[in-house]
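> Fold the following for me, if possible:
(chains A, B, C and D)
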Amino acid sequence: MKLKSITTALAVSAAIAATALGQSKIIFKGSDTLGNKLVPQLKAEYIKTNKDLDIEITPQGSGHAFSNLLSGSADIGMSSRAVKQDEKDQFDAAGKSLVEHVAAWDMIAVIVNEENPVKKLTLEQLGDIFTGKIKNWSEVGGADAPISSYTRNSSSGTYKSFSKLGMAGEDYGSDCQKLEGNQQICTEVSKNVNGIGYVGLAYSKGDNFKTVKINNNSPKISKLATYPLARRLYYYTVGEPTGQVKAFLEFATTAEKADEITEAVGFIPSKAGEQSAAK
Amino acid sequence: MNASNPFAKKKSLFEVKERIQLNLLRLACYTIIGCAIFIFSDIVVKGAPTFFKAEAPFVNTEFFTKSPEILSVWHDQDGVKYSMTKSDADVWQTENPDLQVIDLHDYAASGGGILGPLLGTGLLVVCCMILALFIGVSAAIYLSEYCGKHDKLMNLVRLSILNLAGVPSIVFALFGWGIFCHMAPIHVSVSELSDTTLWAFPFAGGYISFQGWDTSLLAGACTLAIMVIPVIITACEESLQAVPKGFREASYALGATQWQTIRKAVLPFAVPGVLTATVLGITRVAGETAPIMLTATVTEKGNLPFNTIVDEGVWGFFSQSVQALPFHIYTLSKLPASENVKPMQYGSIFAFLLLVMGFALISILLRNRIRKKLKW
Amino acid sequence: MVDQDSYSKSALVDIKDLGFSYNQGKDETLKGIHLQCPEKQVTSFIGPSGCGKSTLLRCLNRMNDLVETAKITRGYINILGQDINARDVDPIELRKHVGMVFQKYNPFPKSIYDNVAYGLRIQGEKRKSVLDEAVETSLIGSALWDEVKDRLHSSALGLSGGQQQRLCIARAIAVRPKVILMDEPCSALDPIATAKVEELILQLREDYTIVIVTHSMQQASRVSDHTAFFYLGELVEANTTENIFNNPQEERTEHYISGRFG
Amino acid sequence: MGLNFNSAGIVKGFFGGNAYLAIVFLLFICLFLFKSGIGFIPAYKNELSNARKAGLEVSNMIDYELKGYYAISAKLNQAFTSEKRERFGEKEILKYVYEEFEGLLDDELEDNIDGYLDIDEDTTEKAEAKTTLLAEIDSACRGLGEKFLLSKVTPRIPSTTSISDDTIDSAIEYAQQYALNDYETPEEIDQILTDIADQMGALGVINKDLKKSSAGLEKLHKTVETSARKTYDILKNNYKLRNSIQKLKEGLVKQSGKLDNLTDSEKIATQETLISEIQTKIDEAKSKIVEVDTEEAIIPIYAALEGHPAIIEKLRAVVPKNIEKLKDIDFISPEAKEYAAAIEELLPQYLEILDEQETSISNWTHETKVSYFAAIKAFFFGLDWKTGSNRQSLYGLIPLLSGSLLISLVAMCFAVPLAIGTAIYVNQFASKREAGILKPAIEFIQAIPSVVLGLFGILVVGGLLKDWSASPLLSWLPGFPINDRLNVLLAGILLAFMASPTIFTLAEDALNNVPKAFKEASLAMGATRLQTSLKVILPAALSGIIAAIMLGFGRVIGETMVVLLVAGNKAKIPNFSEGIAVLGQPVHTMTGIIAQEYGEASPGSTIYQSLFMVGLVLFTISLIINTICQRILARQQR
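Down below sits the predicted model:
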């Protein structure tokens, strides 16, 4: 009898403890563009005031966001592109609704090696380079050397938004090298005189590579309205967020401090972005 | 010199050719050794500064007591360079309001230490080895002691086990990902019942649902265990077979049952072999990246794995995803080549190498010691 | 004592005060051996196991060099008037002149032809006519030609044990050595094959100086002209075979021959 | 006694159970891989048949024709560019220097310029401020010439040794215009391009004519593609909708099942709403399915295709004629001459492509059914791996397989001589002490985790290799200096280092197993140790060594992390026609694709299944290699 009562007491107290703590973990999965810089920094700021909260981040590409949200293994999906119709269908099919939150604005910067004489490209040329129609730098005013084009891998959102924005929806040519993340593209372009790649705005400053003007527009916040490769970055949740998730998203998308961080990281805060895009 | 010496060395082109050939062989050997030394020395020289420090206790304790964090690097108006974790940087900035922060760069997962990944790898290895040893050793005992050498079915099994030992780890990873992350049974309440589940039936107030364990410690450990079981079975069976037949016959002759014989006259002498197999398995498992990348790991995680057990109980502990050292290194490999990231990169691979190499070394030492004690 | 002069005149192998150790110069296995083997005769070494007879044989073509800790502690061996342990002697050249046949027949896993031609090939001989001729002569010389001439290019491992051993002898004589060392060449063979090999040894005596180690005293008496008896690393007695078996000078020799120990 | 018997039985059962558990696991792996992979074939068949029904297939064929043309036009473009540079050096330089200035202005003066442009001159203060800003911009522009490090830029402009002051001055002027004119590039600069094009004479005409000649085909392609894409997207969408309806229906059954166990009326109510929601979703999905009549949708494509022969006929006439004209041009630039020669070589290939495609296009019909065999063939012999595509995803194994094999081959080229040489050396020549150090040292290398090696490759070896390849000593080799840092050679070298210990250990074992008697016999013949090793021991151990090499190969081809990090991941069949330069190309691998694309794959999707197919291929390769090796080793032991 005694034993039984002790176990019952233990079980009850465990249950109370569990409910009192509530959900103490937020799992982020998805975009490498968001997950390698912005979200970790937001997290660092946010847990200053929410010490008990555990935030897990696994950035491996936007594709992960939706597959993980669907299977329930992520609370927030980070995506550098809007959800695709067939992905949405999957959620519909599962009886779940996907809610979109704009995280920030980003511009995809096209980068080439510092030594490369090419300074600007037209959108058409850019598309032709990545579809494989243009294979030599001399065709766009550079040296007589083969082009090495670096892209993100196909589970990346940037991969898809770039093909939509920069290549008129055409497919990548088979000459593209698929790299694992923005930073890897920066590294390779900085090491290869004939390299060209694209990265999120936050990654566009570094040693030994430079950004290229597209249609005479450089990727700068003031050019948001005219730069052809500007896009939104998103957080996705399944259903309207509640509890900790809601609190975090509110902080991330509206708090002043969060905007500061967003800007420091190199993105454009969502409010400011919407305003200047409207212009 | 004796001119009439009939056995004198004949100097000829042949000899020169032969010497060249021999030196080529030697060169091959020392090329490999040279490469190894190059790699080790590079890692040690560049990794040691992260690892050790000049003053007592001579080990960089921070590197082992913190998890990976964001690294902030900047300089102030006087050109003094600063490099610290993001959280320290925030403290620093409030303490030194009159110093400007210029040219601030942040690097993911490059500051702090490697405690989280280290613990994660440790947990994965321990869980995996418990599973693998339990199944592997028992299977080896059965194959070696209960089945004859000529049991056709078992020989087929042996052959397939040998074959599976050579299957690439990515195939196991794919398998583990498909099975454990997406299909394994789990006990859930109604609200947690996933729509992607294969099959579910009510059980004990909830449902047993075949919906998988997601990326979790358990899924990772199981995947690794399945990968290493063939290795363990093969090695254990070998060491059991190496126990002289006379021991068994002597034991039977004294009227022992089969189990008694195995227990008293075979297993004790096979212990060194089993131990070696274990360490061999650990060396292989600890170094694998692909399987845990698909099944168990996260890049960034605030809590240490043990904290979860308090909050979420045993099941929560096993179903959490963990950081792991190899995956941490993989994350680091995607960072830009920068002087600021290098300490973390080299420190991590140095620690990882020490860990894995340590196990390799232990296996050799252990084997030799036990061999000396038990000689037949 | 033995009539030294009678066979030192034509001695091809001359061993003087030879000491040998397997253990860095400690624990001598051979202790001060004096022995001469006359040219174109058969000398046999007999003695119980572990007496050092095989060791001595392997000293003659410096096969013991392969044992890293082996060392000649004193004395010397002269072959063809040359100290074979002198600095300017190349063991490789020495072995071309001092052939060897082993206890267990060990043809290479190649064809019969390749086995016999091996010695010449490693000396750089490439002409086919020369090789063909040498192979034929050696196989005839080892009384194997008739049995294998139709299948020279099939694997040597397909031959019977006796044939394989004779093939090894053919392989050894193909390079025309001065001395052939045989280390218990018949111990792994059945009596009929043994008889054939013994017959061959007697035949080879015409052209070669042969040193043979044997366990069987009957064999020693059948094939050899001279016999040396070893015991615990010492040469107890060396003499013509007739004298050793009929009129041993030493008590130990007599005991051994009469089968009281060993 | 009975108890004993029982406990023995239990013990045996326990062990046996575990053994069988292990076996069940292993069998399960095979089955699961097979099951997950095999679903790929019908799914892919469906995609292929949709592509055919919609006419996407014929669009691909036209695209192929266009690609042949682009290869020629790219070369012509290059010839044109180098010729242009040679003829109009000064103007080119002006344009270039201007662009350099424009970049500098953007970087440094943007705030000023923006400020200047934003100010309206409605008050005097503002007008003043504007003047100040103008002065600032003006002086900054003047300073550009000094800031602009000519020495750094000159070498980037081919065929130029110095830039004249005049050029710089006018470039500065244009740059200023640009800054003050709302970032508009001055007309004069734009004019340069057209000027040059006009003055290129015959070459310019050829260039223009050729460009015009393809316009017809491009237009045709566009028509076909648009029409086909429309149908294809609908078909693709329908397929997905049907799948989700299927899933929803399953969900409906599941949720209705739950209803039976509920007693609480409130819960029953919520459950019922849930069910009705699912029902609405099913209806919604059903309503979204657009029934297209592919027969009807294909009609415009056939109509467009009718014009195809005429277009091709025209191309056949125009392209060779223009290329013929190239011969008459006096090229000033040697590069341009080379390109012209290359174009002539390309021509017959192009005409061949035209012939081939014309027949296949005229024979093409959307009605032929895609068989399962065709889907299997498209997987195993497909030349493209293109996932996450906007149009049709292609799953062709060949680029991955060829990449994997090429890397393994390169690795083996390094590893086999090294490892076998080492094995011979350690086994035959090294003194006991030396071998006692060398053997464990080399076996120790085996324990280096592959991810460490991969990171090391990125951090150190990749850079070293690229620097070395740029050394003048190697410049005679085709493809050197290597362009890409991540390439076959780098991956091969790292994998060779990984495979060497494996091959070494097994080969050394094989050498050890050769009976000592062989060695003695050979040495006693007067063979040197080297002769003995190479002529007797090595042949005797050959089967074991072959097994060692094969196992090493198996290890290399299954390696993931190293190739993922350093192979460059370019899913294209390596261009073997470049000879040794193929080593400098990046490739993709079977293992790499699994690690790279699993994130994209949710269970049941085509890509998920395709990854399992790739896994299955890897599994089969390793199984074959292992089985052969086991056979060889078993025979050797006997």
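> Spit out the contact partners of the closest residue to B:Phe58 other than its chain neighbours.
Using C-beta to C-beta, 6 or more residues apart in numbering or on different chains and skipping the chain neighbours, the partner closest in space to B:Phe58 is B:Phe52 (5.6 Å). Quick note: C-beta positions are derived from backbone N, CA and C, even for glycine. By C-beta atoms under 8 Å, 6 or more residues apart in numbering or on different chains, the residues touching B:Phe52 are B:58-60.
> Any idea how far stretch B:308-318 is from the middle of the chain?
Distance of stretch B:308-318 from the chain centroid (C-alpha atoms, centre = their mean, to the nearest Å) equals 24 Å.
> For that stretch, the averaged confidence score.
On average, the pLDDT along stretch B:308-318 is 76.
> cool, stretch C:155-164 as well?
88.
> Enumerate the positions of it that are buried.
C:156, C:159, C:162-164 (16 or more other C-beta atoms under 10 Å in any protein chain shown).
> Need those in TSV (columns: secondary structure and distance to D:Gln609).
As requested, the buried residues of stretch C:155-164 are exported to TSV (DSSP: H, G, I helix; E, B strand; the rest coil; distance: C-beta to C-beta, whole Å):
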residue	secondary structure	distance to D:Gln609
C:Ala156	helix	56
C:Leu159	coil	59
C:Gly162	helix	66
C:Gln163	helix	63
C:Gln164	helix	60
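> biggest separation within these, which pair?
The most widely separated members of those, counting by C-beta to C-beta, are C:Ala156 and C:Gly162 (13.1 Å).
> what's the overlap in contacts for these two?
Joint contacts of C:Ala156 and C:Gly162 (C-beta under 8 Å, 6+ apart) do not exist.
> about what we covered before: neighbour-wise, give me the winner out of the contacts of B:Phe52.
In terms of neighbours by other C-beta atoms under 10 Å in any protein chain shown, those top out with B:Asn60 at 17 neighbours.
> For it, list the residues it contacts.
Contacts of B:Asn60 (C-beta under 8 Å, 6+ apart): B:50-53.
> I would like a ChimeraX command selecting only the buried ones among those residues, please.
The buried subset of the contacts of B:Asn60, as determined by 16+ other C-beta under 10 Å, is captured in ChimeraX by this line:
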select /B:50,51
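> wait, which of the contacts of B:Asn60 is closest to D:Ser139?
B:Thr50 (49.1 Å).
> Isn't the closest one up against B:Gly347?
Yes - with contact defined as C-beta atoms under 8 Å, B:Thr50 counts as touching B:Gly347 (3.0 Å).
> hey, where'd the helices end up in the stretch 151-262 of chain C?
Assigned by DSSP state H, counting those that start in this stretch, the stretch 151-262 of chain C shows helices spanning C:161-173, C:191-204, C:217-223, C:241-246, C:251-257.
> so the first one versus helix C:191-204, what angle?
Going by axes from the mean of the first three to the mean of the last three C-alpha atoms, to 10 degrees, helix C:161-173 is angled at 20 degrees with respect to helix C:191-204.
> Contacts for helix C:161-173, please.
C:99-102, C:105-107, C:112, C:115-116, C:118-119, C:138-139, C:141-144, C:147-148, C:156-157, C:159, C:180, C:185-186, C:188-190, C:192-194, C:196-197, C:200, C:204, C:208, D:521, D:524-525.
> and the gap between the closest residue to chain B within the stretch 451-600 of chain D and D:Gly615?
Here the residue of the stretch 451-600 of chain D nearest chain B is D:Gly558; by C-beta to the nearest C-beta that distance is 2.5 Å. The gap separating D:Gly558 from D:Gly615 is 11 Å, by C-beta to C-beta, to the nearest Å.
> so what sits against both of the two?
Residues touching both D:Gly558 and D:Gly615 by C-beta under 8 Å, 6+ apart: B:170-171.
> Tell me where the model's unsure across the stretch 151-279 of chain A.
A:278-279 (pLDDT under 70).
> any chance you could map the strands in it?
A:177-179, A:195-200, A:209-211, A:213-214, A:230-238, A:268-269 (DSSP state E, counting those that start in this stretch).
> Now mean neighbour count and distance to chain C too, for the ones you listed, in CSV please.
Formatted as CSV, those follow (neighbours: other C-beta atoms under 10 Å in any protein chain shown; distance: least, C-beta to the nearest C-beta, whole Å):
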stretch, mean neighbour count, distance to chain C
strand A:177-179, 26, 50
strand A:195-200, 28, 55
strand A:209-211, 24, 60
strand A:213-214, 24, 70
strand A:230-238, 23, 69
strand A:268-269, 24, 76
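> So for B:Asp214, which of those strands sits nearest?
strand A:230-238 (14.6 Å).
> what pairs with the residue in the stretch 1-150 of chain A positioned nearest to chain C across the strands?
The minimum distance from the stretch 1-150 of chain A to chain C, using C-beta to the nearest C-beta, falls at A:Pro146 (50.1 Å). Going by DSSP bridges, A:Pro146 is paired in beta bridges with A:Asn136.
> list the contacts for it?
A:135-137, A:194, D:483 are the contacts of A:Pro146 under C-beta under 8 Å, 6+ apart.
> Next one: the residue of the stretch 451-600 of chain D closest to chain B from B:Leu131, what distance?
23 Å.
> These two - which one has more neighbours?
Neighbour count, other C-beta under 10 Å: between D:Gly558 and B:Leu131, D:Gly558 has more, with 25 against 18.
> what about the closest residue to that one other than its chain neighbours, how many neighbours?
Excluding the flanking residues, the one nearest D:Gly558 by C-beta to C-beta, 6+ apart is B:Pro168, at 2.5 Å. B:Pro168: 25 surrounding residues under other C-beta under 10 Å.
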